[in-house]
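In: Build me a model:
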Amino acid sequence: MGWTEKDIPDLSGRVAVVTGGNGGLGYQTVLALAGAGAHVVVAARDPEKTAAATARIRERHPAASLEVVPLDLGDLSVVSTAADAVLAAHDHVDLLVNNAGVMAMPQRSTADGFEMQLGVDHLGHWAFTAHLLPALLRAPAARVVTVTSTARFMGGTVRPADPHIRRRRYQPWSAYAHAKWANYHFGLGLQERFERAGAAAASLIAHPGLSNTDLQARTAREGGAGWTGGFAEAVTARVGMSPLEGTRPQLRAATDPAARGGQLYAPRFGSHGPPVERPILRRFDLRRRIDELWEVSERETGVPLVVPPA
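Out: Alright, predicted model coming up:
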């Protein structure tokens, strides 16, 4: 059967933060980490949905140690406030799962004027990770897991001169691809910076394959992707993996003692299968793409992400 959540080691005493932990893959991530004994900070936007999610988790695991921090990744002021709340409550953070995201939605802007998909999926997580960096570096061996997608291959990477697609025709799937490439390059770039600084922390990437969550339903409901949104929802409902199965790659990246920084975990067969380490395709322009992403992210958010020497 391969690796499952039953293989997660005892996480007692660990502090984990999961973005978007009130639904879909994030909910399953919180459920598994709390069940393994971690104290889990559920960082999510919708308070009613979060309350319902934490209640369900406590039904499954009455001893679950949960904490809720309101987080709207589409508003950098809220991101900063959420990070401050985590830092005030915890001297260290052992695990950060950058899970939350939106997909193939109509053209919109965040509170800070960013293209919504890049703003929520990447730039909000960039700022959140940067703010939490001191607590991550104080942990004995912290891990940051960033969730990407094979949908990144459906479009080009972020363009430094036009990251918010203001000078080009907006295409929902292409904009999603930009954001998922950003997640991919962010995970690899952060690991490079950890290594360069001699930090004990590690950065890994995961993708869930074809997983049947409410992400597809929202895409179809909002209609920004046209008929392809409804088609994707129908296909995923018919042949997609369950949310639990789709969560296993990020859970393994987060908890497997054998996992190492810079690795990518994904379903064995691309869209389906048990979670395994997959090769990183190091394109000829990988270094340039990572450097461009750092330049764009710092410029747009005004939040530097620098790992100090250990």
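
In: could you say which helix or strand contains E277?
Out: Using DSSP states H and E, E277 sits in strand 275-278.

In: Read off the pLDDT value for E222.
Out: What the model reports for E222 is a pLDDT of 61.

In: The one 4 residues further on now?
Out: Note on G226: pLDDT of 61.

In: I165 too?
Out: 95.

In: Could you verify my assumption that it touches F114?
Out: No: with contact defined as CB atoms under 8 Å, I165 does not reach F114; the gap is 10.4 Å. (Glycine included, C-beta is placed from N, CA and C.)

In: how much space between the residue located most distally from the centre of the chain and R138?
Out: Note on the chain: the largest C-alpha distance from the chain mean falls to R167, namely 27.6 Å (CA atoms, centre = their mean). Applying CB to CB, to the nearest Å, the value for R167 to R138 is 42 Å.

In: now what about the helix or strand hosting S80, what contacts it?
Out: Using DSSP H and E, S80 sits within helix 76-89. With CB atoms under 8 Å, 6 or more residues apart in numbering as the test, helix 76-89 has contacts from 17, 41, 43, 67, 69-73, 93, 111-112, 123-124, 127-128, 131-132, 134-135, 301, 303.

In: Just the buried ones among those, please.
Out: 17, 41, 43, 67, 69, 71-73, 93, 112, 123-124, 127-128, 131-132, 135, 301, 303 (16 or more other CB atoms under 10 Å).

In: Run through the helices of the stretch 101-250 of the chain in chain order.
Out: Assigned by DSSP state H, counting those that start in this stretch, the stretch 101-250 of the chain shows helices spanning 116-118, 124-138, 172-197, 214-222, 227-239, 243-255.

In: A52: which of these is closest?
Out: helix 214-222 (13.2 Å; CB to CB).

In: Now do the buried residues in stretch 197-211.
Out: For stretch 197-211, by 16+ other CB under 10 Å, it's A199, A201, A202, S203, L204, I205, A206, H207, P208, G209, L210, S211.

In: so for it, what's the average pLDDT?
Out: Mean predicted confidence for stretch 197-211 is 95.
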